[in-house]
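1. what follows is a predicted protein model with its sequence.
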Amino acid sequence: MNRKFVLGAVLALAAGASYAQDAQDTVAIGKKLTTNNCAVCHTFGKGEPNGQGPNLFGILGKPFASEPGFKYSAGMKAAAASKVWDDKLLDAWLTDTQTVAPGNAMTYFEGDPARRAKIIAYLRTLH
Ligand code: HEC
């Protein structure tokens with residue numbers, strides 16, 4: 001092995017470790033943002049009861065407005081069609097819920113794209 005190769009491998013490892021650390025930080029910050037901004041209305045643990053909003057465990061990949069036992073608004077039900085929650089839909093939802101489901105009952109908006117990305121990164125871990 002030549003020295004350049006060894007150095008390259010060490011740098012690549014370091015970069016990988018720092019990427020993993022960044023991803024961890026993103027999720028940790030996302031969890032905090034979610035707890036502070038969403039937990040007044042939503043629960044996040046598996047099988048936890050609905051609050052003012054539906055339980056959000058496993059929301060990524062889940063069909064729109066499909067939490068059993070939650071009484072969705074008419075606006076929410078009208079917009080459901082065959083939508084499934086993915087990163088893009090969640091980002092649009094948190095930016096302005098009314099563009100996704102006009103007349104829905106959720107009054108929270110997050111204007112900062114970086115904060116939305118962190119919240120979504122955390123939600124992705126709930127499965
Ligand atoms: C003031 C209460 C409130 C806050 C704060 C709030 N929500 Fe909601 N949320 C609701 C309500 C109520 C609904 C159901 C809307 C309806 O039926 O019209 C909802 C619905 C949702 C849905 C759709 C779930 C489904 O089953 O399709 C998602 C996703 C969601 N909220 C995410 C969030 C996230 C993430 C946050 C924090 C960044 C947040 N909400 C903050 C009240 C809230």
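-> All right, it came through fine.

2. so who does P102 touch?
-> Applying CB atoms under 8 Å, 6 or more residues apart in numbering to P102 gives the contacts G75, A78, A79. Using the backbone N, CA and C atoms, a C-beta is placed for each residue, glycine as well.

3. one more time with 10 Å
-> Counting by CB atoms under 10 Å, 6 or more residues apart in numbering, P102 makes contact with G75, M76, A78, A79.

4. of all the residues you listed, which comes closest to the ligand?
-> In terms of CB to the nearest ligand atom, no member of these lies closer to the ligand than M76, at 3.6 Å.

5. show me how far the longest helix seen in the chain is from its chain's centre.
-> Secondary structure of the chain per DSSP state H: the longest helix is helix 3-38. Remark: helix 3-38 is offset 18 Å from the chain centroid, using CA atoms, centre = their mean, to the nearest Å.

6. swap in stretch 65-83?
-> Using CA atoms, centre = their mean, the offset of stretch 65-83 from its chain centre is 18 Å.

7. over to stretch 69-89?
-> 15 Å.

8. and the contacts of the helix or strand hosting R116?
-> For R116, the host element (DSSP states H and E) is helix 113-124. The contact list for helix 113-124 (CB under 10 Å, 6+ apart) reads 23, 25-35, 37-38, 44, 56-61, 85-88, 90-95, 109-110, 112.

9. of those, grab the buried ones for PyMOL.
-> To isolate the buried ones among the contacts of helix 113-124 in PyMOL, judged by 16 or more other CB atoms under 10 Å, type:
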select buried, resi 26+27+29+30+31+33+34+38+44+56+57+59+60+85+90+93+94+95+110
